[in-house]
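> with the input below, show me the fold.
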Amino acid sequence: MENRDQEFRESRLSIRGEVAVFTHANPGQRNALTQGLRLDYAEMIERVRSDDAVKALVLTGSGGSFCAGADIRAMRDRFTGVTPERDAGDAARSRILQLQDWLERLRGVEKPVIAAVDGPAFGAGFSIALAADFIVASQTATFSMVFNRLGVLPDMGAIHILPRLIGLAKARDLLMTARPIGAEEAVALGLVYEVCGPDALLDTALDLAGRFAQAPQPAIGLTKRLLNRSFEVDYGTFVDLEGCAQSACATSADHRDAVMRFLDREPARYDWDRLASKRAALSGKEST
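Numbering: from 1, shown residues only. Just a heads-up that it's a prediction; the model follows:
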């Protein structure tokens, strides 16, 4: 059988059935977003997007950290290096644009993306988690828009995304105070989908991802694509986009199968609650 796992510079990708798991693997730096990890993300995203067998993607960390933010050592070196940047402002802008290139592609992956957060998700780590469709957090997870502490503004789309998720006033609090919040407060704000113990984090994320295995992939992907545009276009334009997307879904094999199953009184392939119960029952049998 072909080995579909892959080791990157500071991360690894493993394929577990129909779920891809991308793990930040530099715990010595608390999985900081170094240049190496940025390059890893760019390569991983293309790999996952092109693999039709992968139905969902899980992002996670190692060593008790999701991602503690930017690489502070690299920031220091830009100020104190032997050859400091000659045009620091333009170089900073270029770095952000390069980063946004793969981050936007991550947000646009037409498959469910789940961030499994343990320990700190600070700064860039918080922004990466926000790019996921669902965040599952351990009880020890901590989130902080730490940017202002370092004298810079929140980037990686955080100022754009966060108000759309939790409202302007609550986003203003997190973005301007840079205060850390725990998993329970993140749940109350609507950021986190589920909280569990640290030892159960990956299994919980895999279970959530696995429930999408029977989902109609074109419909899920297009739903996500339209959701990402829903705050940016007027209603008339959105209806046009919806019509085009629905025409693709209405002629799909998934739609035909679902209709015939309904008429034949057969269970739907994609039934969230039934799939959850089934997976819970299987998990119970495996643990006995």
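> every contact and neighbour count from this point should use C-alpha atoms.
Will do.
> mean confidence for the strand or helix carrying F126?
Per DSSP states H and E: F126 is located in helix 124-130. Averaged across helix 124-130, the pLDDT comes to 97.
> which ones are touching the nearest residue to C196 once chain neighbours are set aside?
Once flanking residues are discounted, C196 sits nearest to S138: 4.9 Å by Cα to Cα, 6 or more residues apart in numbering. Going by Cα atoms under 8 Å, 6 or more residues apart in numbering, S138 touches 116-119, 183, 195-198, 200-201.
> over to G167?
For G167, the contact set (Cα under 8 Å, 6+ apart) is empty.
> ok, now F22?
11-14, 44, 57-60.
> and it, what element?
Here F22, judged by DSSP H and E, is contained in strand 19-24.
> and the next helix-or-strand element following that strand, what's its mean pLDDT?
Counting by DSSP H and E, the next helix or strand C-terminal to strand 19-24 is helix 35-50. For helix 35-50, the mean per-residue pLDDT is 96.
> can you check stretch 144-151 too?
Mean predicted confidence for stretch 144-151 is 95.
> quick check: buried residues in that stretch?
144-147 (16 or more other Cα atoms under 10 Å).
> which one is A258 nearest to, not counting chain neighbours?
A268 (6.2 Å).
> circling back: the strand holding F22: which residues count as buried?
19-24.
> tilt between that strand and helix 35-50?
Per axes from the mean of the first three to the mean of the last three Cα atoms, to 10 degrees, the angle that strand 19-24 makes with helix 35-50 is 170 degrees.
> strand 19-24 pairs with which strands?
Taking DSSP bridges as the criterion, strand 19-24 forms sheet pairs with strand 11-16 (antiparallel), strand 56-60 (parallel).
> pLDDT weak spots in the stretch 1-150 of the chain?
For the stretch 1-150 of the chain, the stretches with pLDDT under 70 are 1-3, 81-89.
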